[in-house]
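>>> Structure, please.
(2 chains)
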Amino acid sequence: MFERYGIGIIKGLSVTIRHLFRIPITTQYPERKLNPSRRTRGNELIWNQERCTGCGTCAKTCPQGSINIVTSVKVEENKYKVEKFEVDMGYCIFCGLCVEACPYDALFLGYAYERARYRRGELVLDKEGLLETDERKPSGYFHPEVAAELPKQSLLVDRDKGRRA
Amino acid sequence: MAMQILPPDWPGNYWAHWGIFTVIILVFVLLSVLAFIWFERRAMAIMQARLGPNRAGPFGLFQSAADALKVMIKEDIVPSRADKLVHWLAPVVAFVPVMMVFAVVPFQGGALLADLNVGVLYIVAISSVTVVGVFMGGWASNNKYSLLGAMRQIAAVVSYEIPVVLSLVGVIILTGSLSLQQIVQAQDIPFILVQPLGFLIFFIGALAEINRAPFDLMEADSELVAGYFIEYSGMKFGLFFLAEYAEALVVSALVTTLFLGGWRGPLLPDWLWFLVKVGAVFFVIVWIRTTVPRVRIDQLMALAWKFLFPLALINLLVTAVEILVWPELSLWVLVPINFAVMIILVLLWSKLFKLGWGRVDV
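Coordinates of the predicted model:
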């Protein structure tokens, strides 16, 4: 009966005033960071030098042709020696095909996401730059055993309650 | 509490008083505008579960100062086919009258630039000049959107001027004076209780006149890009922006002075009470902005002419009859009567309020 007498405005006003005491959705980014998904395809590749046999499957499967691998034969050990393993991350589309194709589980997509660079040249990663370090952790993409050890993705629904950041 | 009828001679002669209060008003308006911009952005952000500006200085307090600096050093672009002189003059014409209104607003007992005995009339007259500046800006920009925005604003301001002024007359009848100083001194109970309907009409009308949400369709970003100041940049845009927030400040100060008892209040010093009340009224304006969606132009006009205008007339009549018939009666007796009148009238008129002979949804 009182639908049209400004009741709607009063209801709306009460909604907005209750929002004053809500926790904000915003995360203060550089100070507080959320965990990305454990299977994230972060913007880098991680290469395991010990497991790599230099078979070159990753380079063949890469649709962008951004993996450049040069090998030589070590006759006495009957193995390939990886002379050069270069990935131009500027061309990478993070499809993850190289990771899926690698028969020896030597390639991973990265877990970090703050890998922006100022120069194009810095995007080309060589053998040393592709190794796993503390800042360059592998993500659980296509590797559930890696995913099991990563921290759970932080969801906005289970943020710490009652605190205004 | 200083309760002189005339402003005291402090701080000395006429020119010292003039100079000091001019400086006070300038500083007050500029600082409050900066504070209001910050306050609005923060309050709106918090109500929308965001944080708002919080990087520049503690709690982002310096954000509006940084924005002001940015606006001042930006390039000032004048469209090649613009009416250059009018384009240059418009922001000044829009801003100066807003500043002049504060000449008669008392910050505390006797603390005002000029205690005009026609204070309310002066405010009504001066504040209408702003719209001339707006139209100059809209016209001189040589842009159809800015002209459209300016036309809408003029239509709104001219329409809403009538209910706003009529609702002010109720207060004037109760006080018997046009001086804002004496209106405050007459408010032993805040006039919001004695004139609830008048307050409602004044507040809604004032929101429409300063084109705040929900009546901000004169500068709707989504349909008019920005309204009349679309072709302005740099300090000229800054002046328009300043004028807009100074208008919000004017409305807050007028609602405080006319309906909330001005500087009067217990415990705190008088000027602080004034600032607290102005801040509270501005918070309500921001609160409404976060809540209510924008109205259409036909709803805007219909609200002014079919709803506020008749109610303002009836409010004026009721107040006049009450004062004529029971001139000696305590104002407390009028409070329940006027609240009852307000509720009955609003319910009745809501029933009658139609758009397009009932064929358009309200």
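>>> Does anything pack onto the lengthiest strand in chain A? Which helices or strands?
Longest strand of chain A, by residue count under DSSP state E: strand A:79-88. Secondary-structure packing of strand A:79-88 (3 or more Cβ pairs under 8 Å, 6 or more residues apart in numbering or on different chains; DSSP states H and E): strand A:42-47, strand A:67-74, strand A:124-125. C-beta here means a position set from N, CA and C on the backbone, and glycine is covered the same way.
>>> strand partners of the second one, parallel vs antiparallel please.
Looking back up the chat, that one is strand A:67-74. Partners of strand A:67-74 in the sheet, by DSSP bridges, are strand A:79-88 (antiparallel).
>>> Counting neighbours, which bits of the strand it pairs with end up buried?
Using 16 or more other Cβ atoms under 10 Å in any protein chain shown as the test for burial, strand A:79-88 gives A:80, A:82, A:85-88.
>>> Now do it: everything it contacts.
A:45, A:47, A:49, A:52-55, A:66-74, A:123-127, A:130 (Cβ atoms under 8 Å, 6 or more residues apart in numbering or on different chains).
>>> Can I get the buried part of those as one ChimeraX selection?
Selection of the buried residues among those in ChimeraX, burial being defined by 16+ other Cβ under 10 Å:
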select /A:45,47,52,54,55,66,67,69,71,123,124,125,130
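>>> and the residue nearest the centre of chain A, what does it touch?
Closest to where the C-alpha atoms of chain A average out (Cα atoms, centre = their mean) is residue A:42, at 1.7 Å. By Cβ under 8 Å, 6+ apart, the contact set of residue A:42 is A:36, A:109-113, A:115, A:139.
>>> quick revisit: lowest average confidence across the helices and strands packed on strand A:79-88, which one?
Mean pLDDT is lowest for strand A:42-47 out of these, coming in at a mean of 86.
>>> Point out the other helices and strands that the helix or strand following that strand packs with.
Once strand A:42-47 ends, the next helix or strand along the chain (criterion: DSSP states H and E) is helix A:57-61. The helices and strands touching helix A:57-61, judged by 3+ Cβ pairs under 8 Å, 6+ apart, are strand A:67-74, helix A:97-101.
>>> Restricting to the contacts of residue A:42, which residues neighbour chain B?
Filtering the contacts of residue A:42 for proximity to chain B (criterion: Cβ under 8 Å from any Cβ of the partner chain) leaves nothing.
>>> Which of the residues you listed lies at the shortest distance from residue B:114?
residue A:113 (62.3 Å; Cβ to Cβ).
>>> ok so that closest one is a helix residue?
No: going by DSSP: H, G, I helix; E, B strand; the rest coil, the assignment for residue A:113 is coil, not a helix.
>>> Which residues does the residue nearest to the centre of chain A form beta bridges with?
Judged by DSSP bridges, the bridge partners of residue A:42 are residue A:110.
>>> Give me the distance between it and residue B:327.
The spacing between residue A:42 and residue B:327, counted by Cβ to Cβ, to the nearest Å, is 80 Å.
>>> got it, and residue B:108?
Remark: distance between residue B:108 and residue B:327 (Cβ to Cβ) = 30 Å.
>>> who has more neighbours, those two?
Comparing residue B:108 with residue B:327 by other Cβ atoms under 10 Å in any protein chain shown, the one with more neighbours is residue B:108, at 18 against 7.
>>> can you pull the contacts of that one?
Here residue B:108 is in contact with B:2, B:263, B:269-271, B:274 (criterion: Cβ under 8 Å, 6+ apart).
>>> The residue of the stretch 101-250 of chain B found nearest chain A in helix, strand or coil?
Here the stretch 101-250 of chain B gets closest to chain A at one residue, residue B:214, 9.0 Å apart by Cβ to the nearest Cβ. Three-state assignment for residue B:214 (three-state DSSP): coil.
>>> What about it, how many residues nearby?
Counted by other Cβ under 10 Å, the residues lying close to residue B:214 total 18.
>>> now it, nearest residue through space, not along the chain?
What sits nearest to residue B:214 in space, not counting adjacent residues and going by Cβ to Cβ, 6 or more residues apart in numbering or on different chains, is residue B:292, at 3.9 Å.
>>> From residue B:62, how far off is the one you found?
Residue B:292 is 31 Å from residue B:62, by Cβ to Cβ.
>>> try residue B:146
As judged by Cβ to Cβ, residue B:146 and residue B:62 stand 31 Å apart.
>>> Mind checking which of these two has more residues around it?
Taking other Cβ under 10 Å, residue B:146 and residue B:62 do not tie; residue B:146 has more neighbours (26 against 17).
>>> Low-confidence stretches in the chain?
As the question left the chain open, I've gone with chain A. Applying pLDDT under 70 to chain A flags residues A:1-4, A:157-165.
>>> looking at chain B here, not the other one
Applying pLDDT under 70 to chain B flags the ranges B:1-14, B:358, B:361-362.
>>> What residues does it have near chain A?
Where chain B comes near chain A, counting by Cβ under 8 Å from any Cβ, the residues are B:43, B:45-51, B:287-288, B:290-292, B:346-347, B:350-351, B:362.
>>> Among those, which lie within strands?
Among the residues of chain B next to chain A, no member lies in strands (by DSSP E).
>>> Now which of the residues you listed would you call buried?
Using 16+ other Cβ under 10 Å as the burial test, the residues of chain B next to chain A include B:43, B:45-48, B:51, B:287-288, B:290-292, B:346 as buried.
>>> picking up where we left off before, looking at the contacts of residue B:108, which are in strands?
Going by DSSP E, the strands hold none of those.
>>> Could you pick out the longest helix of chain B?
If you go by DSSP state H, chain B has its longest helix at helix B:14-47.
>>> Kindly provide the distance from residue B:95 to residue B:104.
On the measure of Cβ to Cβ, residue B:95 and residue B:104 end up 18 Å apart.
>>> Next: residue A:72.
92 Å.
>>> cool, residue A:102 as well?
Taken as Cβ to Cβ, the span from residue A:102 to residue B:104 is 81 Å.
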